[in-house]
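Trainee: The sequence isn't on hand, but the structure is:
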């Protein structure tokens, strides 16, 4: 039996905040894409956005409580089929992946469309992801059924997955970390593709420096939490309805 171990009200507010900020950053696709946050001890009960509400309008009270092992008939009409398939499989098979952010943001999705969708360490931000992204190059249609199960087996011990020909997902123990990874990954993809577009030779960091920088990112204690707190402070002033 799953036991709820997280403050549901605050978890809903955190999710609503990262949805709102994703919209502000233009990283959304209207009502498409989905985030989830496991709130039980076993990682099987999770909050998720309902289908049909624009990211910029989502509120804390909109978040639905879902069981990864079974989709209740009352909730089923309010959940996007691909959202349930992908996130249900991810939470069932990766209980350590507490919060999952899945996006088709502009630059990351553009990178997902190239033959080798790897983000090289060309600056401080891209170095954060050095050897830390699981690469999926087996896209087999929208994330339903077998495709969702297949995706859920590829994460391993990583906190990121580049979903070839699709988009990407980040995972973390909190919405703060999962969003911070997604935010910086999109910015890293933007920097890399912009540099490529210049036609000039790239300066790629060597493995030793890239690994050192990635480890420094991981040791940057409290940064994701401070990032989310700063965003929520702005939303508290400008869009306080996200909390309700």
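Mentor: Great, that's in hand. Remember, predicted model here, so these are calculated numbers, not experimental data. Numbers count the residues shown, from 1 in each chain.

Trainee: Residue 174: how many residues sit nearby?
Mentor: A count of nearby residues for residue 174, using other C-beta atoms under 10 Å, gives 17. Every residue, glycine included, has its C-beta placed from N, CA and C.

Trainee: For the closest residue in space to it that isn't next to it in sequence, give me its contacts.
Mentor: Spatial nearest neighbour of residue 174, chain neighbours left out: residue 99 (5.7 Å); criterion: C-beta to C-beta, 6 or more residues apart in numbering. Residues counted as contacts of residue 99 (C-beta atoms under 8 Å, 6 or more residues apart in numbering) are 35, 36, 37, 38, 171, 172, 173, 174, 175, 177, 178.

Trainee: Check the gap between the third one and residue 170 for me.
Mentor: Pointing back at residue 37 there. 12 Å (C-beta to C-beta, to the nearest Å).

Trainee: same thing with the second one?
Mentor: Residue 36 sits 12 Å away from residue 170, taking C-beta to C-beta as the criterion.

Trainee: Equivalent analysis for residue 16, please.
Mentor: 18 Å.

Trainee: Would you indicate which residues of stretch 9-19 are buried?
Mentor: Buried residues in stretch 9-19, counted by 16 or more other C-beta atoms under 10 Å: 11, 12, 13, 14, 15, 16, 17, 18, 19.

Trainee: next one: stretch 122-142 to chain centre, how far?
Mentor: 13 Å (C-alpha atoms, centre = their mean, to the nearest Å).

Trainee: how long is it end to end?
Mentor: From its first residue to its last, stretch 122-142 covers 31 Å (C-alpha to C-alpha, to the nearest Å).

Trainee: Need the buried residues of stretch 9-19 in TSV (columns: pLDDT).
Mentor: Output for these, formatted as TSV (pLDDT from 0 to 100):
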residue	pLDDT
11	98
12	98
13	98
14	98
15	98
16	98
17	98
18	98
19	98
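
Trainee: picking up where we left off before, emit the PyMOL select command for whichever of the contacts of residue 99 are buried.
Mentor: PyMOL command restricting the contacts of residue 99 to the buried ones, with burial defined by 16+ other C-beta under 10 Å:
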select buried, resi 35+36+37+38+171+172+174+175+177+178
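
Trainee: What is the longest helix seen in the chain packed up against?
Mentor: In the chain, assigned by DSSP state H, the helix with the most residues is helix 175-197. Using 3 or more C-beta pairs under 8 Å, 6 or more residues apart in numbering; DSSP states H and E, the elements in contact with helix 175-197 are helix 8-24, strand 34-38, strand 99-103, helix 106-112, helix 124-127, strand 167-172, helix 223-238.

Trainee: Against which helices or strands is the first one packed?
Mentor: Contacts defined by 3+ C-beta pairs under 8 Å, 6+ apart place helix 8-24 against strand 34-38, strand 45-48, helix 175-197, helix 223-238.

Trainee: Which residue would you name as the spatial centre of the chain?
Mentor: When C-alpha atoms, centre = their mean is applied to the chain, the residue found nearest the centroid is residue 101 (2.0 Å).

Trainee: Quick check: closest non-adjacent residue to residue 172.
Mentor: Closest to residue 172 by C-beta to C-beta, 6+ apart is residue 178, at 3.8 Å.

Trainee: That neighbour: what's it in contact with?
Mentor: Residue 178 neighbours (C-beta under 8 Å, 6+ apart): 18, 35, 99, 100, 101, 170, 171, 172.

Trainee: between the residues you listed, which is closest to residue 242?
Mentor: residue 18 (9.9 Å; C-beta to C-beta).

Trainee: wait, what's in contact with that closest one?
Mentor: Contacts for residue 18 (C-beta under 8 Å, 6+ apart) come out as 35, 101, 175, 178, 179, 228, 231.

Trainee: Helix or strand, whichever it is, which one in this protein has the lowest mean pLDDT?
Mentor: Least confident helix or strand, the chain: helix 146-152 with a mean of 90, by mean pLDDT, DSSP states H and E.
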